[in-house]
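A.B. asks: A predicted structure for the sequence below; I have some questions about it.
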Amino acid sequence: LKYTLEQLSAYAKQYGFIYQGSEIYGGLANTWDYGPLGVHLKNNIKQLWWKKFVSQNKLNVGLDSSILLNPKTWEATGHLDGFKDPLMDCKECKTRYRADNLIADTSKGKVDADGWSYDKMYQYIIDNEIHCPHCGGFNFTEIREFNLMFKTQQGVTSESNNDIYLRPETAQGIFLNFKNIQRTSRKKVPFGIGQVGKSFRNEITPGNYIFRTREFEQMELEFFCVPGTELEWFKYWKEFSKQFLLTCGLKEENIQFHDHPKEKLSFYSNATTDILFAYPWGFDELWGIASRTDYDLSRHQEFSGENLEYLDPNTNESYLPYVIEPSLGVERLFLAILLDSLEEETLEDGSSRTLLRISKDLAPYQVNVLPLVKKYHAEKAEEVYDLLLENFTAFYDETGNIGRRYRRADAIGTPYCVTIDNQTEEDGTVTIRDRDSMEQIRLHINELTGYFKKLF
Ligand code: ATP
């Protein structure tokens, strides 16, 4: 039984995963802050991706580029003129629509508004008497363009030549550094460059909790390969990405590939797939994987005047490599992981517990340290806590009865609890409780570090 978004967000707030942004000021729409548990989980997700795609991957290297890039970047990519949506408002209820969606949603056949002029879309809406789906009105503003990039000014004056944009994807910082990285890392094609960082899009309809926000984080790989081999690599990264999701603990039946049909591909792409996850509102995009040919490099070569070709040392031929791009949102994966891990488990005695059955690699805390009775065991427990903090993410919890503290540890997915009791004073042993089986064993304090090192 899956949690609804409402139940999940209540849970995430209660335990300190996610709070509404700027809450004491009444919030700021669609912003979210990650609390003590959320920040651990987010970091663990990013670290796991980094490990699998970069630091422990023979094929790839890493990068951390600026969020602010020379605005020419966005001329080259087409973001400055292509990153626009045709917007119109209902004059009566003020609901804002994308004109092309309005056409597609209300007409019987599926209208593909791509390539239509704004005049043509507007005329279609009038001629076909498409009414406002919200209030039923038939009185729209004309269609305006809307740029999804956040614009700001660099420097103190607000002249337009100081216009600068927050990046809408991390990918372009990679393309801009392709030459630098290839030269300095001495990597030979095929190789990839991975990056994790914030991106910003002034989305018209953000929502579904943390699924679509205006500020978000991406984990992107640009994989450069010999032209003609791209479809093999596309297949390779599709499978690799799916395996990564399984490593994150997502259930296979909740993951689906959606291959874009030929006629829906961007003009520069010869293959694109979305990995969809079964979110509470249905299967939706978690991860986009695209074969982008040499589009990005060739555009940057043209606009910068720099030669971005790669000289193949074996054949002495120069060419622009083709690119496979798996692009994953941190928050979308965060949400999928919580949805697939959280359960209400019925126990043998008929009682139930909230259990976050999250992978050990991702759990916000690895170990909870609990004195059985605060008054008698806190001092020893603090010692054990200090010891474990040297190697593990540990949490100390001393208030409430022990059963309740175990339940709390289960609810936040802590794989192990270490409990200090009377026997600890006598023989130096503690109890270790396993989250999933709830089984308990005793170990000497001196053995703890070695024991957990084997498990994590
Ligand atoms: P969508 O169709 O859902 O808007 P997209 O196709 O525009 O997504 P891409 O440009 O392919 O998305 O971005 C790659 C990935 O970045 C997406 O698969 C998603 O995981 C993440 N992402 C994109 N936009 C957002 C957003 N507004 N909020 C959170 N994550 C996002």
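C.D. replies: Looks like it came in fine. Residues are numbered from 1 along each chain as shown.

A.B. asks: Please count neighbours and contacts with C-alpha atoms only from this point.
C.D. replies: Noted.

A.B. asks: Check the offset of stretch 226-243 from the chain's centre.
C.D. replies: 21 Å (Cα atoms, centre = their mean, to the nearest Å).

A.B. asks: From here on, call the first residue 335.
C.D. replies: Understood, numbering begins at 335; the last thing we discussed is stretch 560-577.

A.B. asks: Buried ones in it, by neighbour count?
C.D. replies: Across stretch 560-577, burial judged by 16 or more other Cα atoms under 10 Å covers V560, E564, L565, W567, F568, W571, K572, S575, K576.

A.B. asks: The second one and Y656 touch, don't they?
C.D. replies: Yes: here E564 lies in contact with Y656, judged by Cα atoms under 8 Å, at a distance of 6.5 Å.

A.B. asks: Now do the shared contacts for these two.
C.D. replies: Common neighbours of E564 and Y656, using Cα atoms under 8 Å, 6 or more residues apart in numbering, are S625, T627.

A.B. asks: contacting residues for W571?
C.D. replies: I658, P660.

A.B. asks: Residues of this structure that sit close to the ligand?
C.D. replies: Residues of the chain lying near the ligand by Cα under 6 Å from any ligand atom: 545-548, 550, 552, 619-622, 661-663, 666.

A.B. asks: coming back round to it: closest to the ligand out of the buried residues of stretch 560-577?
C.D. replies: Distance ranking of the buried residues of stretch 560-577 against the ligand, using Cα to the nearest ligand atom, places S575 first at 12.2 Å.

A.B. asks: What's opposite the residue of the stretch 435-584 of the chain found nearest the ligand in the beta bridge?
C.D. replies: Of the residues in the stretch 435-584 of the chain, the one nearest the ligand is R546, at a distance of 3.5 Å by Cα to the nearest ligand atom. Beta bridges link R546 to G541, judged by DSSP bridges.

A.B. asks: I figured G507 hits N404, correct?
C.D. replies: No: the criterion here is Cα under 8 Å, and G507 misses it with N404 at 10.0 Å.

A.B. asks: Neighbour count: those two, which is higher?
C.D. replies: With neighbours defined as other Cα atoms under 10 Å, G507 and N404 compare such that G507 has more, 19 against 12.

A.B. asks: wait, is the more buried one part of a helix?
C.D. replies: Yes: when DSSP: H, G, I helix; E, B strand; the rest coil is applied, G507 is found to be in a helix.

A.B. asks: how close does it sit to D646?
C.D. replies: 23 Å (Cα to Cα, to the nearest Å).

A.B. asks: same question, A410
C.D. replies: From A410 over to D646 the distance is 26 Å, taken as Cα to Cα.

A.B. asks: neighbour-wise, which of those two wins?
C.D. replies: Higher neighbour count among A410 and D646: A410, with 20 against 13, using other Cα under 10 Å.
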